[in-house]
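Participant: Got a predicted structure here, sequence first:
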Amino acid sequence: MAQHLELGRRGEALAKTYLENLGYEILDENWTYGKAEIDLIAYKDRVIIFAEVKTRTGTGFGAPEDFVDSRKQRLMAQAADEYIYITNHQGDARFDIISVLFNKSGNYTLKHIEDAFWPSAD
């Protein structure tokens, strides 16, 4: 497996464990619809959470969360709409970003940005 894919999987596993430890129920992982993929779909307090996990080994090009651009947000919104439709979810929804930043020693910091964005309709 390519090194960047392995790094991404590690970040997603850490994010999943983090959410579970906070009492979130993980409903789905790597859920795809069309060209969109949602890394983690979680549920807590009657809110469905669509989470994008970004993992990096440095901030030379920006923080991991900076890479969730408007195109990615639109794709996530389309996939989220379909997921909500399929599951007939009647409660609230939000979009979170979880950034995982590894240092050279292999240690990491994890940042959970709740309600990080709301995709525009354009």
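Facilitator: Perfect, thanks for sending it.
Participant: I figured Val100 was touching Pro64, is that so?
Facilitator: Yes - with contacts counted by CB atoms under 8 Å, Val100 reaches Pro64, the gap being 6.6 Å. Every residue, glycine included, has its C-beta placed from N, CA and C.
Participant: contacting residues around Tyr24?
Facilitator: If you count contacts by CB atoms under 8 Å, 6 or more residues apart in numbering, Tyr24 has them with Ala42, Tyr43, Lys44, Ile49.
Participant: Spell out the secondary structure type for the most far-flung residue of the chain relative to its centre.
Facilitator: The centre of the chain is farthest from one residue, Ser105, which by CA atoms, centre = their mean lies 24.5 Å away. Secondary structure assignment for Ser105 (DSSP: H, G, I helix; E, B strand; the rest coil): coil.
Participant: Which parts of the chain are strands?
Facilitator: Assigned by DSSP state E, the strands in the chain fall at 25-33, 36-44, 47-56, 92-102, 108-117.
Participant: out of these, which comes closest to Leu7?
Facilitator: strand 47-56 (5.4 Å; CB to CB).
Participant: Next, the buried residues of that closest one.
Facilitator: Residues of strand 47-56 classed as buried by neighbour count (16 or more other CB atoms under 10 Å): Ile48, Ile49, Phe50, Ala51, Glu52, Val53, Lys54, Thr55, Arg56.
Participant: Of those, which is the nearest to Tyr85?
Facilitator: Nearest member of the buried residues of strand 47-56 to Tyr85, counting by CB to CB, is Ile48, at 12.0 Å.
Participant: Could you check how far the residue most central in space within the chain is from Gly106?
Facilitator: The residue lying closest to the centre of the chain (CA atoms, centre = their mean) is Glu52, at 1.7 Å. Glu52 is 23 Å from Gly106, where distance means CB to CB, to the nearest Å.
Participant: Pull the residues that contact stretch 32-43.
Facilitator: Residues beyond stretch 32-43 that count as contacts (CB under 8 Å, 6+ apart) turn out to be 12, 15-16, 19, 24-31, 48-53, 75-76, 78-80, 82-83, 98.
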